[in-house]
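>>> following is a predicted model, sequence given first.
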Amino acid sequence: MYAAPVSSGTILLGEAAGRVAVALTQALIIMVGPGLLFGVRWGDPLGAAALVLAFSLVGGGAAMLLGSTLRTGQQAVSVGLLLGLGLAAIGGTMAPIDFFSETMRRLAHVTPHAWALDGFAELLRGDGTIADVLPQLGVLIAFAAILFALGAWRLRAALTR
């Protein structure tokens, strides 16, 4: 990549944008499909779009970090599935977080999944708006910033080795 006449920042930005684009595409399929086929509503459209974008940024940052840390594509797929499903389960996507004990609820919020679910719960159950999900958006953006910073650092190190 460094043989191309582009800066390292451009390379990192392109890698990040590609990963976020994949996450956004998946999210749009998940949200638009049921919306069109079954009439599913996701609450305030601006709030839902902001949550999807923030969570896609988290996914993009995580993908960039994993992709730059692991040696092979098979490792990335295996570790990505393990972490994705494991964090999703802990974060309340496989069983309602309302059923969790208080300790598990606190542990769930170590994952971005729980924060995104809290945001969507506010939009759907509480008839919330984007203003009501600003705390969840802030936490998701913080997750994304940390993951992208680590991913960019690892990718830069991997490319210059």
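Done, it's in.

>>> could you pull out the helices in this protein for me?
For the chain, helices defined by DSSP state H occupy the ranges 8-38, 45-69, 73-90, 102-108, 112-125, 134-160.

>>> in a markdown table, list these along with mean neighbour count, distance to residue 96 and mean pLDDT.
Any C-beta I mention is one placed from the backbone N, CA and C, and that applies to glycine too. Below are the helices of the chain laid out as a markdown table (neighbours: other C-beta atoms under 10 Å; distance: least, C-beta to C-beta, whole Å; pLDDT from 0 to 100):
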| stretch | mean neighbour count | distance to residue 96 | mean pLDDT |
| --- | --- | --- | --- |
| helix 8-38 | 14 | 18 | 92 |
| helix 45-69 | 21 | 18 | 95 |
| helix 73-90 | 13 | 12 | 94 |
| helix 102-108 | 13 | 11 | 96 |
| helix 112-125 | 21 | 9 | 96 |
| helix 134-160 | 17 | 17 | 93 |
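
>>> measure residue 72 to residue 62 for me?
18 Å (C-beta to C-beta, to the nearest Å).

>>> next one, pLDDT for residue 1 please.
At residue 1 the predicted local distance difference test score is 64.

>>> over to residue 6?
So residue 6 comes in at 83 (pLDDT).

>>> contacting residues for the nearest residue to residue 31 once chain neighbours are set aside?
The shortest distance from residue 31 to any residue other than its chain neighbours is 6.0 Å, reached at residue 42 (C-beta to C-beta, 6 or more residues apart in numbering). Neighbouring residues of residue 42 by C-beta atoms under 8 Å, 6 or more residues apart in numbering: 31, 35, 48, 120, 123, 124.

>>> give me that answer again for 10 Å
31, 32, 34, 35, 48, 49, 51, 52, 120, 123, 124 (C-beta atoms under 10 Å, 6 or more residues apart in numbering).

>>> ditto for residue 3
With C-beta under 10 Å, 6+ apart, residue 3 has no contacts at all.

>>> with residue 50 instead?
44, 119, 123, 130, 133, 134, 136, 137, 140, 141.
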